[in-house]
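Student: take a look and give me a structure for this.
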Amino acid sequence: MGGAAGGRLAAAVSAAGGLGMIGMGSAGSVVALERELAAAGEIVGPWGIGVVDWVVAQEPELLAAAIAARPTLISVSFGAGFDWVERVHAAGILAVTQVYDAEEAWRAQDAGVDLLVARGSEGGGHGVDGMATLPLLDAVLETVSVPVLAAGGVGSGRSLAAVLAAGAAGAWVGTRLAAAEESLLSGAARQVMTTVEGTGTVLTSAFDAALEYPWPSRFPARVVHNAFLARHREDPGGAEARDELHTGIESDDRQVIPVDAGQGVGLLTEIEPVADIVWRMAEDAGRLLAGRAREVTAPRP
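Tutor: Residues are numbered from 1 along each chain as shown. Coordinates of the predicted model:
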């Protein structure tokens, strides 16, 4: 959610009853975090900050700044080590990380991580091209005792109800909120998200290569397929591709800009306030779960 989940979005999610996250992605920095903290103002309710492991390795002060902000939780993902957990705990902050299989989940729990995010391959943005959300959630819940959130393809009351019924403690929602009014995404990027079908996303590292971000090859990004990828997906590191991408980002060209989106993006038809999205998902999930509970507990005729 780097580039989408800024201070306004985080504050709006928390105000609506969720837990808002300020996301520091590939371009995360202390300056960017301070800007978004100022934009958030006084956040009502729990909230968190998410950072990328390799970005923190390049700018260690980013994690220090995140800890100094005193959020409810800090998420560090896309790395292999857990030396950050002790620092986060020492400040009285919960530690969170994304996992992609049962072994990773066990190692994270063993390292003291308080909350795991089981992120399926349907999810938008960076992740592992591995297990889908529900099979992954099954495997992780069988392995650990700490709370687990489900991520990847959760963007409606139906999908929220599904992961809650499966045993998740909650959902880690990205794509649905990235298109909200309070998102940092440009108008063109949000419009793209409201017009693409769920089958219109692909896994690729092409944008990272063109932008010269040192993402490990294990973590491609699920993005909306566009004209840039059609032209440069096989050779994104060339000068022509780099120049075209930078120019397209500056002009907000919807045929060129990278738009992270999961397979649930087809549900998006309009740009809405965060509060409407959160409340509708919660109400729809509650109604579905209550109805199913009555069916399951009904006496056999």
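Student: flag every buried residue along stretch 240-257.
Tutor: The neighbour-count check on stretch 240-257 (16 or more other C-beta atoms under 10 Å) flags 241-242, 244-245, 248-249, 253-254, 256-257 as buried. For every residue, glycine as well, the C-beta is placed using N, CA and C.
Student: can you check stretch 68-82 too?
Tutor: Residues 69, 71-79, 82 are the ones in stretch 68-82 that count as buried (16+ other C-beta under 10 Å).
Student: stretch 157-176 now?
Tutor: When neighbours are counted by 16+ other C-beta under 10 Å, the buried residues of stretch 157-176 are found to be 157, 159-164, 168, 170-176.
Student: of the residues you listed, which belong to strands?
Tutor: Of the positions in the buried residues of stretch 157-176, 170-172 sit in strands, assigned by DSSP state E.
Student: so which of the residues you listed is the closest to Asp284?
Tutor: Using C-beta to C-beta, Ala171 comes nearest to Asp284 of those, at 12.5 Å.
Student: can I get the top helix by length along the chain as CSV, trimmed to CA atoms?
Tutor: Across the chain, the helix with the greatest residue count (assigned by DSSP state H) is helix 274-297. As requested, C-alpha coordinates have been extracted for helix 274-297 and formatted as CSV (Å, rounded to 0.1, in the frame of the first residue of the first chain):
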residue,chain,number,x,y,z
VAL,A,274,-13.4,5.0,3.3
ALA,A,275,-16.2,5.0,5.9
ASP,A,276,-18.7,3.8,3.4
ILE,A,277,-16.5,1.0,2.3
VAL,A,278,-15.6,-0.2,5.8
TRP,A,279,-19.1,0.0,7.1
ARG,A,280,-20.7,-1.8,4.2
MET,A,281,-18.1,-4.6,4.3
ALA,A,282,-18.7,-5.1,8.0
GLU,A,283,-22.5,-5.0,7.8
ASP,A,284,-22.6,-7.4,4.8
ALA,A,285,-20.2,-9.8,6.5
GLY,A,286,-22.1,-9.6,9.8
ARG,A,287,-25.4,-10.4,8.0
LEU,A,288,-24.0,-13.3,6.1
LEU,A,289,-22.3,-14.8,9.2
ALA,A,290,-25.5,-14.5,11.3
GLY,A,291,-27.5,-16.1,8.6
ARG,A,292,-25.1,-19.0,8.2
ALA,A,293,-24.9,-19.5,11.9
ARG,A,294,-28.7,-19.9,12.1
GLU,A,295,-28.6,-22.5,9.2
VAL,A,296,-25.8,-24.5,10.8
THR,A,297,-27.4,-24.6,14.3
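Student: so what's the residue count around the residue lying closest to Ala16 once chain neighbours are set aside?
Tutor: Setting aside the residues directly before and after it, Ala16 is nearest to Val278 in space (C-beta to C-beta, 6 or more residues apart in numbering), at 3.9 Å. For Val278, the tally of surrounding residues (other C-beta atoms under 10 Å) stands at 22.
Student: likewise for Val99?
Tutor: Applying other C-beta under 10 Å, we find 26 residues neighbouring Val99.
Student: before we move on, the earlier item: which positions in the longest helix of the chain come out as buried?
Tutor: If you call a residue buried by 16+ other C-beta under 10 Å, then helix 274-297 has these buried ones: 274-275, 277-278, 281, 284-285, 288-289.
Student: ok, stretch 15-22 next?
Tutor: 15-16, 18-22.
Student: and which of these is nearest to Gly262?
Tutor: If you rank those by distance to Gly262 using C-beta to C-beta, Met21 comes first, at 15.7 Å.
Student: assign the closest one to helix, strand or coil.
Tutor: Using DSSP: H, G, I helix; E, B strand; the rest coil as the criterion, the local structure at Met21 reads strand.
Student: that one is in contact with Val51, isn't it?
Tutor: No - contact status for Met21 versus Val51: not in contact, 10.4 Å apart, counting by C-beta atoms under 8 Å.
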